[in-house]
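In: Please find the sequence and the predicted model below.
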Amino acid sequence: MRRALLVIAALLIATAGGVYAWATRHPVIEALAAPPDPRRFDAALVERGETLTALGYCEVCHTRPGGQPFAGGLPLPTPFGTIYSTNITPDPETGIGRWSEEAFRRAMHEGIDRQGRHLYPVFPYDHFTRVTDEDVRAIYAYLMRQRAVRYASPRNELSFPFDQRITLAGWNLLFFKPGRFVPDPSKDETWNRGAYLAEGLAHCGSCHTPRNALGGLDDTRKFAGGDVEGWHGTALDGSSPAPLPWTAEAMLDYLFDGRHGSHGIAAGPMTPVVNMMENQAEEDVEAIAAYVASFQSGRRANREAVAAAAEERQLTAASVAALQVDASLQPGRDIFVRSCINCHRKGEKAAPLALTSTVNGPDPRNVIQIVLHGIRPPKGARDFSMPASAWMSDQDLVNITRFVRAQFSDKGPWPNLEQAVREVRAAPKH
């Protein structure tokens with residue numbers, strides 16, 4: 001019996017050792033003696049890298065409030081704790097100044113840093129793996145031309161075992177599919193270009209696709225809606241709650257301008273996305289719009305009837321004051337009369353609330369976020385701001401959200417509004 005136990009123990013130790021060796025198999029890539037001379041990079045390559053870096057929102061995630069661009073330190077909340085973005089300036093000590101292009105490419109394509117350690121997938125290497133070597137080279141060239149900033153990001157705040165990077169080897173085995181983008185020969189050039197950009201650098205699915213309990217994307221439900229920092233990433237597939245299906249033209253306007261008359265205005269985490277899009281080539285944004293809108297190709301709607309129904313739900317100052325509602329909706333109606341009707345009445349330039357995914361969606365958090373924090377609009381829609389209502393109590397937020405849903409949507413009431421308000425209060429502010 002003792003001998004059998006010793007054999008089993010030996011096998012377990014050998015297996016554990018083999019797993020550890022496999023998980024830590026990535027070699028260190030030798031550090032450069034000094035950051036590369038920025039003058040050696042072709043100007044056209046650097047310019048292209050600037051465009052691609054904007055498309056990947058690199059500055060958005062790698063810049064903390066009040067910090068220098070790309071110097072890191074932005075807290076990124078996850079269900080497993082807080083991860084702080086890293087310094088990707090060419091500082092040789094705290095940034096990536098001693099990283100070779102090979103090391104940078106491995107991080108982008110495999111999620112492994114120069115020292116051979118696994119990167120956390122808040123850095124979306126599961127999308128960046130699809131990006132071509134040529135585009136990665138351009139991004140590297142652009143970053144190496146930036147001002148070096150000496151700044152060390154705070155240590156990640158993760159509980160055990162998530163603070164052990166070796167566990168990411170198992171995550172990758174389950175959810176990471178490395179490899180460059182492969183065009184679909186059954187689709188046209190525009191669709192394939194959009195797929196390359198949306199699935200790669202733009203990583204649209206990171207916010208708009210559901211994740212499982214371990215944080216892996218559910219690719220069987222691509223663009224079916226996700227969660228991001230206290231917001232709901234709206235579904236963009238056939239389950240989209242938008243009363244009017246998205247067309248490629250509407251999506252193009254929304255991505256460039258940050259708003260569309262039949263869909264509303266970008267807010268929260270979508271705002272920096274739109275801001276970055278304004279510097280992209282129009283044909284590339286058009287391709288992304290065509291690709292994403294293709295996921296709603298099966299949706300049909302009588303546009304005239306939907307628009308008429310939305311118009312019917314619009315209110316004027318007089319009609320909302322005279323509106324007879326259920327007793328449970330009365331407090332929210334009173335808040336709407338005092339604080340909302342001037343901008344959201346019939347005939348105003350704001351999109352009808354009844355047409356927005358925010359009001360018609362399955363999750364109330366976006367409405368609560370917008371009411372509580374307001375809208376700081378994208379650059380292309382500066383005239384469409386909305387003030388914050390930080391004065392509202394939790395019960396006020398519940399009441400106004402309940403009324404807006406009932407008045408401007410034919411969907412049923414949202415459950416657990418009190419819990420949703422608490423989640424929004426605790427979420428990062430955009």
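Out: Cool, the structure landed. Please read these numbers as outputs of a predicted model, since none were measured by experiment. Numbers count the residues shown, from 1 in each chain.

In: residue contacts, Met402?
Out: That one is not Met; residue 402 is Arg. Arg402 is in contact with Ser328, Leu329, Gly332, Pro413, Trp414, Leu417, counting by Cβ atoms under 8 Å, 6 or more residues apart in numbering. For glycine as for every other residue, the C-beta is placed from the backbone atoms N, C-alpha and C.

In: In contact with the nearest residue to the fourth one once chain neighbours are set aside, which residues are there?
Out: In this case it means Pro413. Nearest residue to Pro413 in three dimensions, chain neighbours excluded: Arg405, at 6.0 Å (Cβ to Cβ, 6 or more residues apart in numbering). Counting by Cβ under 8 Å, 6+ apart, Arg405 touches Val359, Pro364, Val367, Lys411, Pro413, Trp414.

In: tell me the secondary structure for Arg405?
Out: Following DSSP: H, G, I helix; E, B strand; the rest coil, the label given to Arg405 is helix.

In: ok, back up a step: distance to Thr89 and pLDDT added to the contacts of Arg402, as TSV?
Out: Output for the contacts of Arg402, formatted as TSV (distance: Cβ to Cβ, whole Å; pLDDT from 0 to 100):
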residue	distance to Thr89	pLDDT
Ser328	54	92
Leu329	53	94
Gly332	48	95
Pro413	49	96
Trp414	43	97
Leu417	43	97
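
In: which one of those is nearest Arg259?
Out: When those are compared for distance to Arg259 (Cβ to Cβ), Trp414 comes out closest, at 24.1 Å.

In: Just the ones in helices from the contacts of Arg405, please.
Out: Counting by DSSP state H, those place Val359, Val367 in helices.

In: Among the contacts of Arg405, the buried ones, what's the ChimeraX command?
Out: Buried members of the contacts of Arg405 can be picked out in ChimeraX with the line below, counting by 16 or more other Cβ atoms under 10 Å:
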select :359,364,367,414
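
In: and of the contacts of Arg405, the nearest to Ala267?
Out: Looking at those and their distance to Ala267, the nearest is Val367, at 10.3 Å (Cβ to Cβ).

In: shouldn't that closest one be in contact with Val404?
Out: Yes: at 6.1 Å, Val367 counts as touching Val404 under the criterion of Cβ atoms under 8 Å.

In: Touching both of those two, which residues are there?
Out: Taking Cβ under 8 Å, 6+ apart as the contact rule, the neighbours common to Val367 and Val404 are Val359.

In: any idea how far His232 is from Ser297?
Out: Summarising the geometry, the distance separating His232 from Ser297, computed by Cβ to Cβ, to the nearest Å, is 23 Å.

In: who's more crowded, these two?
Out: Each of His232 and Ser297 had its neighbours counted (other Cβ atoms under 10 Å), and the higher figure belongs to His232 (24 against 11).

In: What's the local residue count around Thr356?
Out: Under the neighbour criterion other Cβ under 10 Å, Thr356 is assigned a count of 26.

In: go on, Asp163?
Out: The tally of other residues near Asp163 (other Cβ under 10 Å) stands at 13.

In: Per-residue pLDDT of the closest residue to Trp414 other than its chain neighbours, please?
Out: If the residues on either side of it in the chain are set aside, Trp414 comes closest to Pro364, at 4.1 Å by Cβ to Cβ, 6+ apart. Turning to Pro364, the model gives it a pLDDT of 97.

In: Pro364 is in contact with Ala420, isn't it?
Out: Yes: between Pro364 and Ala420 there is a contact under Cβ under 8 Å: 4.9 Å.

In: overlap in contacts of the two?
Out: Contact criterion Cβ under 8 Å, 6+ apart; residues bridging Pro364 and Ala420 by contacting each: Thr401, Trp414.

In: residue contacts, the residue positioned nearest the centre of the chain?
Out: When Cα atoms, centre = their mean is applied to the chain, the residue found nearest the centroid is Cys207 (3.9 Å). Taking Cβ under 8 Å, 6+ apart as the criterion, Cys207 is in contact with Gly226, Val228, Gly233, Pro269.

In: follow-up on the earlier one: mind checking how far the residue nearest to Pro413 is from Asn342?
Out: Between Arg405 and Asn342 the distance, using Cβ to Cβ, works out to 21 Å.

In: Per the annotation, how does this protein divide into domains?
Out: Using automatic domain parsing, the domain ranges for the chain come out as 22-151, 189-209+223-296, 303-426.

In: Which among these is found nearest to Leu174?
Out: Taking Cβ to Cβ, domain 22-151 is the member of the domains of the chain nearest to Leu174, at 11.2 Å.

In: Determine how far that closest one lies from the middle of the whole chain.
Out: Domain 22-151 has its average C-alpha position 18 Å from the chain's average C-alpha position, going by Cα atoms, centre = their mean, to the nearest Å.

In: any weak-confidence spans in the stretch 1-150 of the chain?
Out: Applying pLDDT under 70 to the stretch 1-150 of the chain flags residues 1-25.

In: so where do the helices sit in it?
Out: Secondary structure of the stretch 1-150 of the chain (DSSP state H, counting those that start in this stretch): helices at 2-23, 43-55, 58-61, 101-110, 125-128, 133-144.

In: which residues sit against the last one?
Out: Read it as helix 133-144. Applying Cβ under 8 Å, 6+ apart, the contact partners of helix 133-144 are 35-36, 38, 41-42, 45-46, 48-50, 52-53, 56, 58, 70, 88-90, 96-97, 101, 104-105, 108-109, 128, 201.

In: ok, now with 7 Å
Out: 35-36, 38, 41, 45-46, 48-50, 52-53, 70, 88, 90, 101, 104-105, 108 (Cβ atoms under 7 Å, 6 or more residues apart in numbering).
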